[in-house]
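Visitor: Sharing a model that was predicted from the sequence below.
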Amino acid sequence: MLAVLMAVKKWSTYLVGRHFKIKTDHQSLRFLAENQAVTPAQQKWVVKMLGYDYEVVYKKGSTNVVADTLSRRPGVEEGQLLAISSVNSEVMDRVAQSWATDDRLTKIMKELQKGSSHYSKYSWDGKWLRRKGRVVVGNSEELRRDLMLYFHCSPIGGHSGVEVTTRRLSSIFYWKGLRKNVKSLVRECGVCQKNKGDLNHPRGLLQPLPIPETVWTSISMDFIEGLPNSMKKDVILVVVDRLTKYAHFLALSHPYTARDIAQVFLENIFKLHGMPHTIVCDRDKTFMSQFWRELFLRSGTVITPSTAYHPETDGQTERVNQCVETYLRCMTGEKPKEWSDWLHLAEWWYNSSYHSAIGTSPFQALYGQEPSIHIPYLAGESLVATVDRGLQHREAAIKMLKFHLKRAQGRMKQQADKKRVGCEFQLGDRVFLKLQPYRQQSVQHRVSQKLSPKWFGPFKVVRRVGAVAYELELPVGSKIHPIFHVSQLKKHIGSDEFSAQLPLIGPDGGISKEPVRIIDRRIGKRGGRAVTEVLVEWSNAFPEDATWEVLYQLQQQFPDFNP
């Protein structure tokens, strides 16, 4: 509307007393000719148009190209503005000096100064040599690297990826091979390698565990924790036979020790199935305790723990855990604290359900028959088979189980490897290590965690363990198992050296926080009593992440800390 008023005022000498058309892509301006002004401002503008003989004609914006072109502000080269605002004069002076050491650019400048049109893509404005509007940089490797570092590592660059860094840098400067140089620098950037997520497919092809020879000779174990208290129970111990997939679910209560778990195992598993040859488990502190390992070592059982931070090793039990949790969630409904009353039914449901991996139910695989849902008494009915016939049937069933398991493993490996990439490291390679940074803990769960590094290291590869695991040379005093699955490793690129220190690792495998110093003290109130609170600065955290802690609780958890 304002544009129409200004145009009419500007050309009023030629418009007064004549009929003229106002063509606009602003469709709502048709109210001018129809006198349909609503707001006071519109009425004021309409009054100013009185006395003119005009007609408002609507024209689609896509066809109103002439007006759009005339309404644009004069173009200014983007590179000039960015160069002035982003790059200081010292750097620009270095760019100008780089031309003198580049024979090709020197030749181009001389030709352009003579007025030659041979180099049509280049231009000379008396101060800057440009190619398609961008300032040309000479063949100074040091200058080019400094420019790339500025546009990648500075707050302006923000450690962006190859595409963003290239676009930002090439909007001002040009040299042959710029994108290739940026790609190499970003790929070798240590900060990016340690702090950016890995967007590639998981490394390491699937390596299924060997199929057991007989039933209950190889089992897997795990805990389901975080359950509501039900009849003083809040944990489920899951034990699964790796051949038949038959499982037992045992309710436990916190706190429990390795001795308690061993007693539960003997009372519920050993009495039914004997002692297994191997036990597959995660690195829970119970399974890794000296008592637990010594007990089964004396019984001839081998404990096979998963590699650090790779729960997929015991994927079978993890999957059973999901099934149990789903069943209990569905059955308990709005009464989750009654889950212990449903646990025996959950075990029957799981063992009597068809499993595609073995082609039958675990109950059928173990006992040779399906469980009866109804058990009516049929007088006079009795089935007696010979021992030889029974053994032959049992052997045939085990062979069929192995066939189905092998076929299921093949399908599983084929599907899993579609989204994985093979990855191998050589002895002596330096790799970054992923340590699940979101499991950091302190006395209070208030220390900043979101901005923790994703990768630590790099560390040296000293040994290959199996097909997809490697042993690393960790710093002296590290409280973490040195063997890791390849999916937790990433090769270090470049020759830059970084600190290879590991953060403190807690007993649960998470990154722990240790108090460094006390910054301040105050008297607080807890439970109606006065207590001393201290402001604690933590290791592996920023100073601003300091938290207020109760002094006696801090001393109990960290007895070696002397403030």
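Guide: Now that the structure is in, tell me what you want to look at.

Visitor: Following element in sequence after the helix or strand where residue 167 lies, please.
Guide: When elements are defined using DSSP states H and E, residue 167 is found to belong to helix 162-170. Sequence order places strand 173-174 as the next helix or strand after helix 162-170, per DSSP H and E.

Visitor: mind listing the strands in the stretch 201-350 of the chain by residue range?
Guide: Residue ranges of the strands in the stretch 201-350 of the chain, as given by DSSP state E, counting those that start in this stretch, are 218-224, 235-241, 247-252, 278-281, 302-305.

Visitor: Turn the ones you listed into JSON lines, columns for mean pLDDT.
Guide: Compiled in JSON lines, the strands of the stretch 201-350 of the chain are given as follows (pLDDT from 0 to 100):
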{"stretch": "strand 218-224", "mean pLDDT": "88"}
{"stretch": "strand 235-241", "mean pLDDT": "91"}
{"stretch": "strand 247-252", "mean pLDDT": "92"}
{"stretch": "strand 278-281", "mean pLDDT": "86"}
{"stretch": "strand 302-305", "mean pLDDT": "82"}
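
Visitor: ok, back up a step: list the buried ones in the helix holding residue 167?
Guide: Going by neighbour count (16 or more other C-beta atoms under 10 Å), the buried part of helix 162-170 is 162, 164, 165, 166, 168, 169, 170. Heads up, the C-betas are built off the backbone N, CA and C, glycines and all.

Visitor: helices or strands next to it in the packing?
Guide: When contacts are defined as 3 or more C-beta pairs under 8 Å, 6 or more residues apart in numbering; DSSP states H and E, helix 162-170 packs onto helix 141-153, helix 178-188.

Visitor: Can you check what angle separates the longest one from helix 162-170?
Guide: Comparing the axes of helix 141-153 and helix 162-170 via axes from the mean of the first three to the mean of the last three C-alpha atoms, to 10 degrees yields an angle of 120 degrees.

Visitor: re earlier: reformat the helices and strands packed on helix 162-170 as a markdown table; add distance to residue 41, mean pLDDT and mean neighbour count.
Guide: Shown next, in a markdown table, are these (distance: least, C-beta to C-beta, whole Å; pLDDT from 0 to 100; neighbours: other C-beta atoms under 10 Å):
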| stretch | distance to residue 41 | mean pLDDT | mean neighbour count |
| --- | --- | --- | --- |
| helix 141-153 | 47 | 89 | 17 |
| helix 178-188 | 52 | 91 | 17 |
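
Visitor: can you put those in JSON lines and add distance to residue 132?
Guide: As requested, the helices and strands packed on helix 162-170 are exported to JSON lines (distance: least, C-beta to C-beta, whole Å):
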{"stretch": "helix 141-153", "distance to residue 132": "18"}
{"stretch": "helix 178-188", "distance to residue 132": "13"}
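
Visitor: Nearest to residue 516 among these would be which one?
Guide: Of all the helices and strands packed on helix 162-170, the one in closest proximity to residue 516, counting by C-beta to C-beta, is helix 141-153 (28.4 Å).

Visitor: which one among the buried residues of helix 162-170 gets closest to residue 267?
Guide: Out of the buried residues of helix 162-170, the member with the shortest distance to residue 267 (by C-beta to C-beta) is residue 162, at 60.5 Å.

Visitor: The closest one contacts residue 186, doesn't it?
Guide: Yes: if you go by C-beta atoms under 8 Å, residue 162 and residue 186 touch, sitting 5.0 Å apart.

Visitor: From residue 135, how far out is the residue nearest to residue 149 when sequence neighbours are not counted?
Guide: Leaving aside its chain neighbours, residue 149 sits nearest to residue 185 (7.3 Å; criterion: C-beta to C-beta, 6 or more residues apart in numbering). Between residue 185 and residue 135 the computed distance is 19 Å (C-beta to C-beta, to the nearest Å).

Visitor: try residue 2
Guide: 40 Å.

Visitor: Of those two, which one has the most company?
Guide: Counted by other C-beta atoms under 10 Å, residue 2 and residue 135 do not tie: residue 135 has more neighbours, with 21 against 7.

Visitor: give me the beta-bridge partners of that one?
Guide: residue 130, residue 173 (DSSP bridges).

Visitor: For it, report the pLDDT, please.
Guide: Model confidence at residue 135, given as pLDDT, is 89.

Visitor: My read is that it contacts residue 95, right?
Guide: Yes: Residue 135 is within contact range of residue 95, at 6.1 Å (criterion: C-beta under 8 Å).

Visitor: shared neighbours, these two?
Guide: Common neighbours of residue 135 and residue 95, using C-beta atoms under 8 Å, 6 or more residues apart in numbering, are residue 173.

Visitor: Does the residue nearest in space to the middle of the chain belong to a helix, a strand or coil?
Guide: With distances taken as C-alpha atoms, centre = their mean, residue 197 lies nearest the centre of the chain, 5.7 Å away. Three-state call for residue 197 (DSSP: H, G, I helix; E, B strand; the rest coil): coil.

Visitor: list the contacts for it?
Guide: Counted by C-beta under 8 Å, 6+ apart, residue 197 has contacts residue 454.

Visitor: From residue 560, how far out is it?
Guide: Going from residue 197 to residue 560 by C-beta to C-beta gives 36 Å.
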